[in-house]
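K.L.:
What follows is a predicted protein model with its sequence.
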Amino acid sequence: MVKIRRFSISDLEKVMEIEKVSFPKPWPKSYFKKLYKKYPDDFIVVEISNKIIGYILGYKKSDGTGSIKTIAVDPNYRRKGVGKELVNFTLNKLKGKEIKEVFLHTRTKNRAAISFFQNLGFKILKTIKNYYPNGDDAYSMKLTLHFNSSLRSSI
């Protein structure tokens with residue numbers, strides 16, 4: 001059974017395992033601890049049978065927009081809808097905070113991530129040169145959230 005829940009500090013080791021197999025320059029444990037401390041309600045994990053298989057951090061920025069800071073899924077569970085479920089969960093949380101635009105960055109070389117986010121409706125805004133510590137460029141991507149207008153019944 002798939003369960004989406006808030007990250008707990010006891011999840012850090014498994015999150016780090018997924019981070020290390022997912023990115024060429026993984027963030028250190030200290031960075032995840034900092035993110036958790038700053039955004040405890042926005043750091044989310046997904047698990048199957050009590051095994052963490054992915055995580056996401058998406059939060060409201062001070063300017064009123066949303067940001068997806070990081071997302072990764074265990075390689076054994078990729079292309080099975082887990083990442084999409086995490087993003088949609090986070091987008092719904094952001095909608096609940098009345099956020100209309102969500103931004104993220106991804107490496108220009110990461111074709112899988114670019115395609116994944118474009119399929120979810122994100123658009124490439126611009127290229128940011130030397131964005132990553134190793135000198136890789138990034139795409140800044142944006143999604144405009146649409147709110148369904150509620151139908152009011154007249155009595």
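P.N.:
That came through, no problem.
K.L.:
Skipping adjacent residues, who's closest to Leu99 in space?
P.N.:
Just to correct that, residue 99 is Ile rather than Leu. Leaving aside its sequence neighbours, Ile99 sits nearest to Gly66 (Cβ to Cβ, 6 or more residues apart in numbering; 4.3 Å). (Glycine included, C-beta is placed from N, CA and C.)
K.L.:
In this structure that neighbour contacts Ile56, no?
P.N.:
No. Contact between Gly66 and Ile56 fails when scored by Cβ atoms under 8 Å: they sit 11.9 Å apart.
K.L.:
Need the pLDDT of the residue nearest to Ile99.
P.N.:
Predicted confidence (pLDDT) for Gly66: 95.
K.L.:
The one 4 residues further on too?
P.N.:
As predicted, Thr70 sits at a pLDDT of 93.
K.L.:
what do you get for the one 5 residues further on?
P.N.:
The per-residue pLDDT reported for Pro75 equals 94.
K.L.:
Nearest residue to it in space, please, no chain neighbours.
P.N.:
Residue nearest to Pro75 in three dimensions, not counting chain neighbours: Val21, with 5.9 Å by Cβ to Cβ, 6+ apart.
K.L.:
For that neighbour, what is the enclosing helix or strand?
P.N.:
Assigned by DSSP states H and E, Val21 falls within helix 12-22.
K.L.:
What's the mean pLDDT across that helix?
P.N.:
So the average pLDDT for helix 12-22 ends up being 95.
K.L.:
which secondary structure elements does it contact?
P.N.:
Helices and strands touching helix 12-22, by 3 or more Cβ pairs under 8 Å, 6 or more residues apart in numbering; DSSP states H and E, are helix 29-38, strand 51-60, strand 66-73.
K.L.:
Swap in 10 Å and give it another go.
P.N.:
Under the contact criterion of 3 or more Cβ pairs under 10 Å, 6 or more residues apart in numbering; DSSP states H and E, helix 12-22 touches helix 29-38, strand 43-48, strand 51-60, strand 66-73.
K.L.:
any chance of the ones you listed in TSV, plus distance to Lys3 and mean neighbour count?
P.N.:
Shown next, in TSV, are these (distance: least, Cβ to Cβ, whole Å; neighbours: other Cβ atoms under 10 Å):
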stretch	distance to Lys3	mean neighbour count
helix 29-38	19	14
strand 43-48	5	19
strand 51-60	10	21
strand 66-73	15	22
